[in-house]
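>>> coords below, sequence missing:
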């Protein structure tokens with residue numbers, strides 16, 4: 001996320017998980033004198049990062065900041081190799097890499113050099129685009145936040161959105177809704193509505209649903225949307241091409257030329273200095289560099305995502321996947337930090353039994 005932006009989730013849904021809820025975001029903000037509300041007040045990126053780092057220092061002080069280069073299954077357990085040359089064995093391995101390896105750039109742009117095309121995850125500051133013409137692809141929170149930040153940085157920005165419009169979330173309401181509205185659209189850590197509530201309350205039931213159903217729900221539920229806080233920064237402030245897709249792209253001199261097609265069938269050409277693809281993330285285990293082909297071939301997958309047991313275990317005994325990589329098994333809650341509570345409790349109970 002660009003500096004200065006806000007999270008989409010409400011304060012109550014942004015807690016990191018610890019047993020007993022000893023260190024919530026609310027408690028951290030109160031201690032640090034930071035304004036906080038369960039609903040109605042956005043959580044800034046800077047606040048969440050500071051809270052996360054303090055959470056780590058408090059609960060996992062022994063964390064080692066090293067890169068694992070290889071994870072090789074053995075007859076019993078695993079052999080791990082780190083970037084400093086050290087090797088060690090482990091009886092279980094939990095892969096919790098989040099979104100790090102899974103950024104997605106459409107094929108039409110993926111082979112172009114980073115001088116002209118980058119993914120939104122590469123940018124926390126956009127100051128170096130001052131005075132340049134930048135085109136942002138996407139209609140979700142990352143795309144709109146990036147576009148707003150580009151304007152603040154002095155760039156000429158535009159949005160190219162495949163959908164017919166940008167969906168902005170409704171401004172949050174600080175007061176609790178009436179019991180009737182709560183019954184019709186119950187609250188959850190993913191937002192209001194019965195579908196979201198079922199996803200947060202019944203991930204094990206979701207796992208038992210037909211595979212095609214699960215993949216469709218994970219792909220479509222809580223689709224691209226932007227926060228209400230950033231709407232005024234982009235509405236009327238920049239060109240927004242909705243219902244538009246990139247058909248092809250090529251480098252011409254020091255520009256990238258995009259051939260676009262509208263939903264109406266109309267075609268247009270656009271020259272720009274740089275394209276930022278805010279096009280999300282797609283799990284593909286083949287992109288994890290620490291597994292060799294032999295290990296990957298032993299992991300049962302669907303759509304290149306792991307098929308997991310009710311305890312997050314893959315088809316390789318002792319190898320577990322959590323976070324975004326487990327969403328196709330347990331539902332869209334696992335795409336968000338809110339899913340950490342279910343994950344932690346489930347894994348801890350499983351390891352204790354083992």
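Everything's here; your move. Just so it is clear, the structure is predicted and the values come from calculations on it, not from any experiment.
>>> which pLDDT value goes with the residue nearest to residue 274 when sequence neighbours are not counted?
Distance criterion Cβ to Cβ, 6 or more residues apart in numbering; nearest residue to residue 274, sequence neighbours excluded, is residue 134 at 4.9 Å. From N, CA and C alone the C-beta is placed, and that goes for glycine too. Turning to residue 134, the model gives it a pLDDT of 97.
>>> try residue 176
Reported pLDDT at residue 176 in the predicted model: 68.
>>> now the strands for the stretch 151-300 of the chain?
Across the stretch 151-300 of the chain, reading from the start of the chain, the strands by DSSP state E, counting those that start in this stretch fall at 156-160, 240-241, 244-252, 255-262, 267-272, 274-277.
>>> adding mean neighbour count, mean pLDDT and distance to residue 73, write the ones you listed out as TSV.
Rendered in TSV, the data for the strands of the stretch 151-300 of the chain read as follows (neighbours: other Cβ atoms under 10 Å; pLDDT from 0 to 100; distance: least, Cβ to Cβ, whole Å):
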stretch	mean neighbour count	mean pLDDT	distance to residue 73
strand 156-160	21	96	43
strand 240-241	18	96	48
strand 244-252	15	96	40
strand 255-262	17	96	43
strand 267-272	14	96	46
strand 274-277	23	98	34
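>>> which one of the ones you listed lies closest to residue 296?
Closest approach to residue 296 among the strands of the stretch 151-300 of the chain is made by strand 274-277 (25.7 Å; Cβ to Cβ).
>>> what packs against that closest one?
Applying 3 or more Cβ pairs under 8 Å, 6 or more residues apart in numbering; DSSP states H and E, one finds that strand 274-277 contacts strand 117-119, strand 133-137, strand 255-262.
>>> low-confidence ranges, this protein, go.
For the chain, residues meeting the criterion pLDDT under 70 lie at 172-177, 179.
>>> tell me the domain boundaries of it?
Domains of the chain are assigned by automatic domain parsing as 11-59, 107-168+225-277.
>>> JSON lines for those domains, including distance to residue 283?
Shown next, in JSON lines, are the domains of the chain (distance: least, Cβ to Cβ, whole Å):
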{"stretch": "domain 11-59", "distance to residue 283": "21"}
{"stretch": "domain 107-168+225-277", "distance to residue 283": "14"}
